[in-house]
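> give the three-dimensional model of this entry:
(chains A and B)
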2 protein chains.
Amino acid sequence: MKEMANRDDMQIGDIGEFGFIRSIKDGCQFSSEKLIKGIGDDCAVVGPYENKVFLITTDLLVEDVHFISTKISPQHLGRKAVAVNLSDIAAMGGRPLHLFISLAVPESTKLGTLHAIYNGMKGICKDYRVNILGGDTSASLDRLVINVTVLGEAHEDEVLYRSGARPGDALYVNGTLGDSAAGLRLIKGELSAPEDISSPLMEAHDLPEPSLEAGQMIARSRLASAMIDLSDGLISDLRHICEASGTGAILSQTALPISENLKILAERNDFSPHGLALSGGEDYRLLITVPEKNSGAFQKMFEKGVPCPVYHIGMITDNPGIKMVGPDGVERQLEIAGFDHFRR
Amino acid sequence: MKEMANRDDMQIGDIGEFGFIRSIKDGCQFSSEKLIKGIGDDCAVVGPYENKVFLITTDLLVEDVHFISTKISPQHLGRKAVAVNLSDIAAMGGRPLHLFISLAVPESTKLGTLHAIYNGMKGICKDYRVNILGGDTSASLDRLVINVTVLGEAHEDEVLYRSGARPGDALYVNGTLGDSAAGLRLIKGELSAPEDISSPLMEAHDLPEPSLEAGQMIARSRLASAMIDLSDGLISDLRHICEASGTGAILSQTALPISENLKILAERNDFSPHGLALSGGEDYRLLITVPEKNSGAFQKMFEKGVPCPVYHIGMITDNPGIKMVGPDGVERQLEIAGFDHFRR
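Modelled structure (predicted):
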């Protein structure tokens, strides 16, 4: 009883976001009817219905925690709030269908601001042919709150989970890493650079594009074994794949894709870009594991397929933990860093 | 241009919640594939898939706007946050399947409080065999925010919409009205009564029960023409039915079901209980319209069916607006009052 009482007195910061999710995960399922995947992946998966499964994901954004109203235009904010949810659908190889928006709004908010948020949302929904089918609008005392829920679909036997990685699988990412985190530091004024360098980095932060086309192509090809989107940072999200698959992983530092802009910014401001690439967060790229025998075909598919690159950054191993080979050829254990809303 | 600029400078309080929803409703649908109903009912409806349709609804609760942490136990708060969403599924005649929870939590929140909220949620999910399949947990600077999304299902040809009411249809409600609003005033200390009177009224506010069994029975019977759940207050929600159906309605004041407890409370505190019954809000009863020819069978079904009463409170008319016949037999136009988060 004493231990229980102590535990109840603890704060969420003592166990972190992922510790909290583990602590509430049990006793959440009361029916297994048409249930494929509950808590623990980018989306929940239910079905099948006519050979399709449904994917559902939801994300809550709170002003001054997830965004600062003076640092992002309302139109970009609306677009991003939707984009990060579509990225979760992309990570399972799915197609987004319908969107549901909850807004809590301080009474003093200008209508023009709210319409600009909605215009940003409608813009990205139009781009990907996603319907906005409902939601909830209510008052907030001070801060703007946005919750987005997306319903998507995928073919039953094409869905990619976090749990499918096996030792020996090659590890890929479909774009550069760390740009968004660098952009955030530029936006906050913690770093500086000429406009032609800073502008694309800030855009990587404000306007991430969900990899829907790539995700669907990968799912259709059936060449990959696991997939996740990079929201918390490479190490943290790779750890989710490793934990779900019961594996470890090894990264190659020199293989991490760093954009020219980030390289220049890092040099000008005298820091290593690899820290941001490893744990900066909000990249919204796909991290993909591919069985060795498929990796030739996988790379070839990207050469002739969608106009986006793919980078081979490491390998899945059977030793737990995540290691990185440095430019000196020395293997080092990586500290598990990444974004956790609460972890101190 | 001038008008546009003025409009953008207006605040959401100037046009109200429903005015805002009207202003953003256009341009939200980019694909009509398997889309039955978007914005404008208790749930969105998509499908059919194997003769079933999916119902989706979402609700956002913000501390100090929708609830006051010191006035409701965390377990009751969790249960209620789910109940109000299940009530939207009940209002379409559906069966809830899966739940998605987003929480934004001040870092100082005790784990015991969060687990109590989850225990309340899990309790009602167990009662109705609804799975909790995912969500999002993140930080909030000060106030607790809870968003719940529910995915439910219904038979394609049994779903009840707001738009099906026709002049001459009888108007029913499946329980007493105003108890929850009276309970809120007791909780806030604005009214007082002995515990045996106050306790069930406060419970009506804190622990509303979604009318899932009644909603499904009504849908299966195919005797009703329209349905909605009472969240904003009888007049406001009846107005939603009238607007969607292109009708008016007339209520009978003496037919409004008022509980004995509310009658005693009203007498002790010298107010009329009918104001709360008409526009108190948060009743979470079902308001049902039934074609005249079905009303005998409809009432009979409730006599032998689920153990809950049903009250005939008025009629749908073809004159726009909502009227009420008083105890004196005089018809009066009712002011459209009801809960709007913003309307001044």
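> what about the closest residue to chain B within the stretch 51-200 of chain A, which helix or strand?
Nearest to chain B in the stretch 51-200 of chain A, going by C-beta to the nearest C-beta, is A:Gly112, at a distance of 2.9 Å. In short, each C-beta sits where N, CA and C put it, glycine included. Taking DSSP states H and E as the criterion, the element that holds A:Gly112 is helix A:111-127.
> got the buried residues for that helix?
Of the residues in helix A:111-127, those with enough neighbours to count as buried (16 or more other C-beta atoms under 10 Å in any protein chain shown) are A:111-118, A:120-122, A:124-125, A:127.
> please apply the same query to stretch A:197-214.
When burial is assessed from 16+ other C-beta under 10 Å, stretch A:197-214 yields the following buried residues: A:197-198, A:201-202, A:204-212, A:214.
> tell me the one of those nearest chain B?
Lowest distance from chain B to these (C-beta to the nearest C-beta) belongs to A:Leu212, with 14.1 Å.
> let me see the contact set for the residue nearest to that closest one when sequence neighbours are not counted.
Closest residue in space to A:Leu212, ignoring its immediate chain neighbours: A:Ala90 at 4.6 Å, by C-beta to C-beta, 6 or more residues apart in numbering or on different chains. The contact partners of A:Ala90, taken as C-beta atoms under 8 Å, 6 or more residues apart in numbering or on different chains, are A:Pro210, A:Ser211, A:Leu212, A:Ala214, A:Gly215, A:Gln216, A:Asp229, A:Leu286.
> again with A:His76
Residues touching A:His76, when contacts are defined by C-beta under 8 Å, 6+ apart, comprise A:Gly120, A:Asp206, A:Leu207.
> got it, and A:Leu234?
Contact analysis of A:Leu234 by C-beta under 8 Å, 6+ apart lists A:Val173, A:Leu177, A:Leu251, A:Leu256, A:Ala277, A:Leu278, A:Ser279, A:Asp283, A:Leu287, A:Gly338.
> any idea how far it lies from chain B?
20 Å (C-beta to the nearest C-beta, to the nearest Å).
> ok, A:Ala181 - how many residues close by?
Other residues near A:Ala181 number 25, with proximity taken as other C-beta atoms under 10 Å in any protein chain shown.
> what angle do whichever strand or helix holds A:Leu55 and strand B:52-62 make?
Applying DSSP H and E as the criterion places A:Leu55 in strand A:52-62. Going by axes from the mean of the first three to the mean of the last three C-alpha atoms, to 10 degrees, strand A:52-62 is angled at 10 degrees with respect to strand B:52-62.
> just the buried positions in strand A:52-62, please.
By neighbour count with 16+ other C-beta under 10 Å, strand A:52-62 contains the buried residues A:Lys52, A:Val53, A:Phe54, A:Leu55, A:Ile56, A:Thr57, A:Thr58, A:Asp59, A:Leu60, A:Leu61, A:Val62.
> what about the last one, distance to A:Val145?
When distances are taken as C-beta to C-beta, to the nearest Å, A:Val62 and A:Val145 turn out to be 5 Å apart.
> follow-up on the earlier one: as JSON lines, the contacts of A:Leu234 with distance to chain B would be great.
As requested, the contacts of A:Leu234 are arranged in JSON lines below (distance: C-beta to the nearest C-beta, whole Å):
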{"residue": "A:Val173", "distance to chain B": "23"}
{"residue": "A:Leu177", "distance to chain B": "22"}
{"residue": "A:Leu251", "distance to chain B": "27"}
{"residue": "A:Leu256", "distance to chain B": "27"}
{"residue": "A:Ala277", "distance to chain B": "23"}
{"residue": "A:Leu278", "distance to chain B": "22"}
{"residue": "A:Ser279", "distance to chain B": "18"}
{"residue": "A:Asp283", "distance to chain B": "18"}
{"residue": "A:Leu287", "distance to chain B": "19"}
{"residue": "A:Gly338", "distance to chain B": "14"}
